[in-house]
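Engineer: need a structure here:
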Amino acid sequence: MQNSSSSSIVETKYWHTLEDGRVQCDVCPRFCKLHEGQQGLCFVRANQGGRIVMTSYGRSSGFVIDPIEKKPLNHFLPGSGVLSFGTAGCNLACKYCQNWDMSKARDMDRLMDQASPEQLAEAARQVGARSLAYTYNDPVIFLEYAIDTAKEARKRGVKNVAVTAGYITPEPRAEFFAHMDAANIDLKSFDEKFYYKLCGGHLQPVLDTIEYVAKETDCWLELTTLLIPGHNDSPTEIERMCQWLLEHAGPDVPLHFTAFHPDFKMIDVPPTPPETLSQAREIALKQGLRFVYTGNVHDEGGESTYCSHCGHKLIGRDWFTLTHWELDHGHCPKCGTALPGVFEDKPGDWGARRLPIRIAAA
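Structural biologist: As a prediction, this is how the structure comes out:
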């Protein structure tokens, strides 16, 4: 790995050579088997010289300071700003991708901004962002760049956030999440056919990642499910999913149900009705999950955080703006119950701003 250069091509370590001479990439469960010069489905990992290299190291589609609630993370430094960036490509092929212009990009010229890990971490520190987010496309495919940046961020007291689909194999998974302080994993559905037909992947590796992060790491975990009308929004599927989460991730992992908007190859599907989100939230709460949220709609009741013991409102939210704060050193002021998550005595004051920034090249 590299820690100072913003060169776009670096060698990786999760791969092996097959008997027929091809090289297999072992970062994700796709296990792309590549001849010389071929790229994996992600577009940014390729066979060059009989080894797997990453071709987008140090290059990004842009740098933006977002509210942490946009990731979405509701129990991790609420109100703070997070310096967010991604590269190009993705290791899934979701037909409804909301960031398809980046995740499906084959043209590296889209990656106009460059920054070394040191420059990214220092920029976050200087602008007062409490964390760096590896997002927009999946950080699994730019794992080396993300890990090197995370190391530099921690040196400067900046935390690290992964926004990912969790489609990664065990060995790189352990290395990746060891450097993350928080993660939002996109659980796209609880149905294997959905993953295969609409995402070009499989469900079980994602479940394995969720359980691993929840049980084996110190990384704060939240989950998101985008509810798509007629595809993954049935009460039966939501109930089964919540039962699995309760058993394998625990009742305190926040779950966000967010609204679908027609995009990419699924423009013929209508937007998610707000009542579908509210119904899903009620199902999850009845199953025993303690912190369930709605997103991509105006629903302050479904966006706010309540004490799991007495029901007292602890954090109010209106989209990405905090409207209420009543935490006492991370505890409910009424009954003293601790609120799971990562909190400071006062919330951040970043608000709902989205601020693009430029990072000067070295």
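
Engineer: Quickly list the domain ranges of the chain.
Structural biologist: 10-54, 59-294+335-357 (automatic domain parsing).

Engineer: hey, which of those is tucked in deepest?
Structural biologist: Counting by mean count of other C-beta atoms under 10 Å, domain 59-294+335-357 has the highest mean neighbour count of those, with a mean of 20. For glycine as for every other residue, the C-beta is placed from the backbone atoms N, C-alpha and C.

Engineer: Now do the same for it: mean pLDDT, whole number.
Structural biologist: Across domain 59-294+335-357, pLDDT averages out at 93.

Engineer: Quick one: the strands in the stretch 251-362 of the chain, in order.
Structural biologist: 255-259, 292-295, 305-306, 313-318, 321-325, 355-357 (DSSP state E, counting those that start in this stretch).

Engineer: follow-up on the earlier one: how about the domains of the chain in TSV, adding distance to residue 325?
Structural biologist: As requested, these are arranged in TSV below (distance: least, C-beta to C-beta, whole Å):
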stretch	distance to residue 325
domain 10-54	39
domain 59-294+335-357	5
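
Engineer: what about the nearest residue to residue 263 once chain neighbours are set aside, distance to residue 165?
Structural biologist: Spatial nearest neighbour of residue 263, excluding adjacent residues (C-beta to C-beta, 6 or more residues apart in numbering): residue 98 at 5.6 Å. Counting by C-beta to C-beta, to the nearest Å, the gap from residue 98 to residue 165 is 12 Å.

Engineer: need the contact list for residue 196.
Structural biologist: Counting by C-beta atoms under 8 Å, 6 or more residues apart in numbering, residue 196 makes contact with residue 202.

Engineer: Which secondary structure state does it sit in?
Structural biologist: helix (DSSP: H, G, I helix; E, B strand; the rest coil).

Engineer: same question, the one 5 residues further on
Structural biologist: When the structure is split into helix, strand and coil by three-state DSSP, residue 201 lands in coil.

Engineer: That one and residue 29 touch, don't they?
Structural biologist: Yes - between residue 201 and residue 29 there is a contact at 7.2 Å, judged by C-beta atoms under 8 Å.

Engineer: Tell me the gap between stretch 234-248 and the middle of its chain.
Structural biologist: 20 Å (C-alpha atoms, centre = their mean, to the nearest Å).

Engineer: do the same with stretch 8-17
Structural biologist: Remark: stretch 8-17 is offset 23 Å from the chain centroid, using C-alpha atoms, centre = their mean.

Engineer: what about it, start to end distance?
Structural biologist: Stretch 8-17 has an end-to-end distance of 23 Å (C-alpha to C-alpha, to the nearest Å).

Engineer: quick one: contacts for residue 307?
Structural biologist: Residue 307 sits in contact with 313-314, 332, 334-335, 337, 339, where contact means C-beta under 8 Å, 6+ apart.

Engineer: hmm, try it at 6 Å
Structural biologist: In this structure, residue 307 makes contact with 314, 332, 337, judged by C-beta atoms under 6 Å, 6 or more residues apart in numbering.

Engineer: so what's it closest to, chain neighbours aside?
Structural biologist: Using C-beta to C-beta, 6+ apart, the closest residue to residue 307 is residue 332 (4.0 Å).

Engineer: what are the ranges of the helices in the stretch 1-150 of the chain?
Structural biologist: Under the criterion DSSP state H, counting those that start in this stretch, the stretch 1-150 of the chain contains helices at 100-103, 117-127, 143-155.

Engineer: can I assume residue 202 is in contact with residue 191?
Structural biologist: No - Residue 202 is beyond contact range of residue 191, at 11.0 Å (criterion: C-beta atoms under 6 Å).

Engineer: Compute the inter-axis angle for the strand ranked longest in the chain and strand 255-259.
Structural biologist: Taking DSSP state E as the criterion, the chain has its longest strand at strand 220-227. With axes from the mean of the first three to the mean of the last three C-alpha atoms, to 10 degrees defining the directions, strand 220-227 sits at 30 degrees from strand 255-259.
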